[in-house]
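Trainee: Pasting the sequence and the predicted model now:
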Amino acid sequence: MKLKAAKRWFNWHKWTSLICTIFLLYLCITGLPLIFHEEIEHILEENKEAVITEHKLSLDKLAEIAASRYPGEQVRYAFWDENEKNKVLFDVVDKPDAPYEKSKYLVLNEYTGEVLGAPKTDGLMNIILKLHTDMFLGIPGKLFLGLMGILFMISIVSGIVLYGPIMKKYDFGMVRKNRSKRLQWLDTHNLLGIALTAWMVVVGFTGIINTLSDVILGLWQQGAAGRNDCTL
């Protein structure tokens, strides 16, 4: 690689990495507890065991019981969790097209109709989820994190391009422990970067897709609405 091209790739790698690093750390910190969200929610939220009787109540009866806890509102969805036997979760809203932030949730015993818990939409894990997905900024927050993801992908590609010429005369995975601290950190950075490349590409690429999901869905809905208008 010519010196001029190498400098260009190095500048791309350096500046994209510096810009997105703080936000990658932010996403790692908020993403770690989300990996264990089920276990954490099980500890933090009310979770009674379901008492089993001879017969289960009908789904209509259970939905009626759930809706009765919130007069004037209605059940929109029912969910079952394979890890929570004999329980059903209801999503109760004031109108069918209400945003999910307005949903109220109730867990009922399928046999007795007893309310076993009410998961909170403003609990700790939901706050962390909002921080992780859009920083409480909605679509602009998602697009901003998507931009950081694109910079992350550029830093990965530029790092791969630089790695070959730099490490051509060295053994793979070499860390020069007998040299300066700066070179030791550089070698460690290169080793971890190339070893984790596949994982970082998967995380970065899927993260970008997730941040653009609402925009893509909106464009698809507009296109679908336009086609329906033409059909009518």
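Mentor: That came through fine. Computed from a prediction, not measured in an experiment: that's the story for all the values here. Numbers count the residues shown, from 1 in each chain.

Trainee: Name the next helix or strand downstream of the longest helix seen in the chain, please.
Mentor: Counting residues, the longest helix found in the chain (DSSP state H) is helix 3-35. Elements were assigned by DSSP states H and E; along the chain past helix 3-35, the next helix or strand is helix 37-44.

Trainee: Might you calculate how far the next helix or strand after that following helix sits from the centre of the chain?
Mentor: Next helix or strand after helix 37-44 toward the C-terminus (DSSP H and E): helix 59-68. Relative to the chain's own centre, helix 59-68 is displaced by 32 Å; criterion: C-alpha atoms, centre = their mean, to the nearest Å.

Trainee: Buried residues of helix 59-68, list them for me.
Mentor: Leu62, Ala63, Ile65, Ala66, Ala67 (16 or more other C-beta atoms under 10 Å). Glycine gets a C-beta too; all of them are placed from N, C-alpha and C.

Trainee: How is the closest residue to Ala66 other than its chain neighbours assigned, secondary-structure-wise?
Mentor: In space, and not counting its chain neighbours, Ala66 is closest to Phe90: 3.9 Å by C-beta to C-beta, 6 or more residues apart in numbering. At Phe90 the chain is in strand, as set by DSSP: H, G, I helix; E, B strand; the rest coil.

Trainee: bridging residues for Phe90?
Mentor: Ala78, Leu106 (DSSP bridges).

Trainee: how many other residues sit next to the closest residue to Asp187 other than its chain neighbours?
Mentor: Distances taken as C-beta to C-beta, 6+ apart place Val175 nearest to Asp187, at 4.3 Å, with adjacent residues excluded. Using other C-beta atoms under 10 Å, Val175 has 16 other residues around it.

Trainee: Nearest the geometric middle of the chain, what residue?
Mentor: Thr133 (5.9 Å; C-alpha atoms, centre = their mean).

Trainee: residue contacts, the residue lying closest to that residue once chain neighbours are set aside?
Mentor: Of all residues not flanking Thr133 in the chain, Lys142 sits nearest, at 6.6 Å (C-beta to C-beta, 6+ apart). Neighbouring residues of Lys142 by C-beta atoms under 8 Å, 6 or more residues apart in numbering: Thr133, Asp134, Thr211, Leu212, Asp214, Val215.

Trainee: which ones are touching the closest residue to the second one other than its chain neighbours?
Mentor: What it means is Asp134. Closest residue to Asp134 apart from its sequence neighbours, by C-beta to C-beta, 6+ apart: Gly141 at 3.5 Å. Contacts here follow C-beta under 8 Å, 6+ apart; on that basis Gly141 touches Thr133, Asp134, Met135.

Trainee: now the most far-flung residue of the chain relative to its centre, what's its secondary structure?
Mentor: Computed with C-alpha atoms, centre = their mean, the residue of the chain farthest from its C-alpha average is Asn178, at 41.7 Å. Three-state assignment for Asn178 (three-state DSSP): coil.

Trainee: any idea how far it lies from Asp187?
Mentor: Applying C-beta to C-beta, to the nearest Å, the value for Asn178 to Asp187 is 11 Å.
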